[in-house]
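# when you get a sec, could you give me coordinates for this:
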Amino acid sequence: LSPAARAIVESIGADGEVKRLAEIRVAELIAFQDEAYAKRYADVIKRVVAAEHKALPGATALSEAAARNLYKLMAYKDEFEVARLHTDPAFLAELDAQFPNGYSVKYNLAPPLLADKDPKTGHLQKKQYGAWMFKAFQRMAGLKHLRGGALDLFSKTEERRMERALIEEYIRQLDEIVGQLTHANHSAAAALAAWPDEVRGYGHVKEKNLAKARVLQAERLAAFRNPTQVVMMKRA
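A predicted model of the protein is given here:
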């Protein structure tokens, strides 16, 4: 870890598995955006770790779920991130090692601002792009500081707005958990913190999975807010 990443991880005050998760994810979020972005992640997890330790010393299920799922939402795969991953030196080194005699690359992409829509489904259609796209990726990877700002044209799409909104919603939900966490609702809290794990895929696939995850989220939120009522319903 870089000194900056190490300092951010240490600020969480976690150890064991939670610290291991943070070490990986803080470094990734710095690469995704910057140190300030990673620090926001760490500040939220710090609150969760402190609350869990107070409510149930030694337990880490809630903190682990929060560390995994907040990262998942914050590291969404937008155009800047796709460009960064495709031009990452480690990724390129793996390709060189796998194909020592050389290789050619083609990219199957569905850029929101460029792709055509399927006339029947309305879903974006992927199109094949040649090796020139690598240079475009290099330029885009260097512009990640524009992410979410006025000059980020991609941020105006419905999917990108939804992804950023999910981050804010999840942080608010974690803060609700932190404020109401007790020994009695700890298991329900850990389950609630894990609901974003069901939000998978991209585009229309992600949208469909989010709708399913919302049902699970509502059930788990009710169980967290009213643990006694849920137990009585199960007994009945």
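
# phi, psi for residue 107 please.
Here is the backbone geometry of residue 107 (degrees, to the nearest 10): phi -110, psi 130.

# ok, it - contacts?
Residue 107 is in contact with 86, 128, 129, 130, 133, counting by CB atoms under 8 Å, 6 or more residues apart in numbering. Quick note: C-beta positions are derived from backbone N, CA and C, even for glycine.

# which one of those is nearest residue 216?
Taking CB to CB as the measure, residue 86 is the one of these closest to residue 216, at 32.6 Å.

# the closest one and residue 194, how far apart?
30 Å (CB to CB, to the nearest Å).

# residue 41 touches residue 73, doesn't it?
No: assessed by CB atoms under 8 Å, residue 41 is found out of contact with residue 73, at 9.8 Å.

# residues contacting stretch 180-198, please?
48, 51-52, 54-56, 59, 61-62, 65-66, 68-69, 72-73, 166, 170, 173-174, 177, 209, 212-213, 216-217, 220-221, 223-225, 227, 230.

# actually, stretch 109-127.
Around stretch 109-127, the neighbours that count as contacts under CB under 8 Å, 6+ apart are 79, 108, 129, 133, 153, 154, 157, 159, 203, 204.

# just flag the most distant two among the residues you listed.
Among those, 133 and 204 lie farthest apart (CB to CB), at 22.8 Å.

# between those two, which has more neighbouring residues?
Taking residue 133 and residue 204 together and counting by other CB atoms under 10 Å, residue 133 has the greater number of neighbours (17 against 14).

# tell me who's in contact with the residue nearest the centre of the chain.
In the chain, the residue lying closest to the centroid (CA atoms, centre = their mean) is residue 72, at 1.9 Å. Counting by CB under 8 Å, 6+ apart, residue 72 touches 196, 197, 199.

# my read is it is in a strand, agree?
No: applying DSSP: H, G, I helix; E, B strand; the rest coil, one finds residue 72 to be helix, outside a strand.

# show me which of the contacts of residue 107 are buried.
Among those, those classed as buried by 16 or more other CB atoms under 10 Å are 86, 129, 133.

# before we move on, the earlier item: tell me which of the contacts of residue 107 fall in strands.
Here DSSP state E is the test, and these give 128, 129 as lying in strands.

# can you show me the strands along this structure?
Secondary structure of the chain (DSSP E): strands at 107-109, 127-129.

# least trustworthy helix or strand in this structure by mean pLDDT?
Ranking every helix and strand in the chain by mean pLDDT, DSSP states H and E puts helix 227-235 at the bottom, with a mean of 54.

# count of neighbours near the closest residue to residue 54 other than its chain neighbours?
Sequence neighbours aside, residue 181 is the residue nearest to residue 54 in space, at 7.8 Å (criterion: CB to CB, 6 or more residues apart in numbering). Neighbour count of residue 181, defined by other CB under 10 Å: 21.

# quick revisit: among the contacts of residue 107, which pair sits farthest apart?
Using CB to CB, the contacts of residue 107 reach their maximum pairwise distance at 86 and 128, which is 14.7 Å.

# show me the helices in the chain, by range?
For the chain, helices defined by DSSP state H occupy the ranges 3-12, 16-32, 35-55, 61-74, 79-86, 89-98, 132-141, 158-180, 186-193, 203-225, 227-235.

# same list, those helices, but as CSV with distance to residue 120 please.
Formatted as CSV, these follow (distance: least, CB to CB, whole Å):
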stretch, distance to residue 120
helix 3-12, 47
helix 16-32, 35
helix 35-55, 39
helix 61-74, 31
helix 79-86, 26
helix 89-98, 35
helix 132-141, 27
helix 158-180, 20
helix 186-193, 38
helix 203-225, 12
helix 227-235, 43
